[in-house]
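Participant: Only the shape, not the letters, is given here:
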């Protein structure tokens with residue numbers, strides 16, 4: 001069986017931070033029946049479904065390379081929170097907060113399922129992620145995005161109160 005040749009792609013990664021909770025509140029879109037639930041102990045297969053379905057278009061590869069045991073350890077670690085948005089009864093998006101570093105929380109993953117993109121869900125879900133992070137009273141909330149992500153991601157992060165503090169070039173091995 002022939003091995004698939006590794007492919008590389010260049011991207012620019014922008015690191016952003018927020019040092020105080022934003023004042024704005026974003027209401028849920030009215031055109032979708034929504035529920036936001038914390039995944040207390042998500043099974044690996046469910047997490048892979050979310051990660052792969054959302055990240056496929058954006059070249060999310062890091063977690064795809066982990067074995068089931070490694071991924072289970074990563075998503076079950078103390079300080080990790082995964083919240084899933086359900087729209088009209090099915091998974092519509094998720095976010096993962098990484099609070100293992102005490103006073104600094106990372107919005108480690110954030111995304112919307114393709115069928116729900118463009119329906120106003122992203123701004124609401126990001127607002128919910130920000131609110132959930134600030135409930136822990138960190139000194140700062142951080143996130144990173146890159147040029148492989150949805151082109152609306154960086155402007156949305158900035159509109160929601162994140163400010164860029166660093167940019168780096170990175171080569172992704174796909």
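Facilitator: That came through, no problem. All figures in this text were calculated on a predicted structure; none of them were measured in a lab.

Participant: Enumerate the positions of the lengthiest helix in the chain that are buried.
Facilitator: Secondary structure assigned by DSSP state H gives helix 121-134 as the longest helix of the chain. Taking 16 or more other Cβ atoms under 10 Å as the neighbour-count basis, helix 121-134 is seen to contain the buried residues 121-130, 132-133. For the C-beta atoms, the positions are set from N, CA and C on the backbone; glycine is no exception.

Participant: what mean pLDDT would you report for that helix?
Facilitator: Mean pLDDT, taken over the full extent of helix 121-134, equals 96.

Participant: Give me the contacts around it.
Facilitator: With contact meaning Cβ atoms under 8 Å, 6 or more residues apart in numbering, helix 121-134 is reached by 18, 21-22, 24-29, 32, 34, 36, 81, 83, 85, 87, 92-93, 95, 97, 99, 105, 107, 110, 112, 141, 152, 156-157, 160-161.

Participant: among those residues, which are in helices?
Facilitator: Among these, the members that lie in helices (by DSSP H) are 156-157.

Participant: Make a PyMOL selection of the buried ones in the contacts of helix 121-134.
Facilitator: Below is the selection syntax for PyMOL that covers the buried ones among these, with 16+ other Cβ under 10 Å defining burial:
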select buried, resi 18+22+26+28+29+32+34+36+81+83+85+87+92+93+95+97+99+105+107+110+112+141+157+160+161
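
Participant: re the thing from before, closest to residue 148 out of the buried residues of helix 121-134?
Facilitator: Proximity to residue 148 was ranked across the buried residues of helix 121-134 by Cβ to Cβ; first place goes to residue 122, at 16.6 Å.

Participant: gap between residue 49 and residue 123?
Facilitator: Between residue 49 and residue 123 the distance, using Cβ to Cβ, to the nearest Å, works out to 24 Å.

Participant: hang on, the earlier thing: run the chain-centre distance for the longest helix of the chain.
Facilitator: Averaging C-alpha positions (Cα atoms, centre = their mean, to the nearest Å) puts helix 121-134 10 Å from its chain's average.
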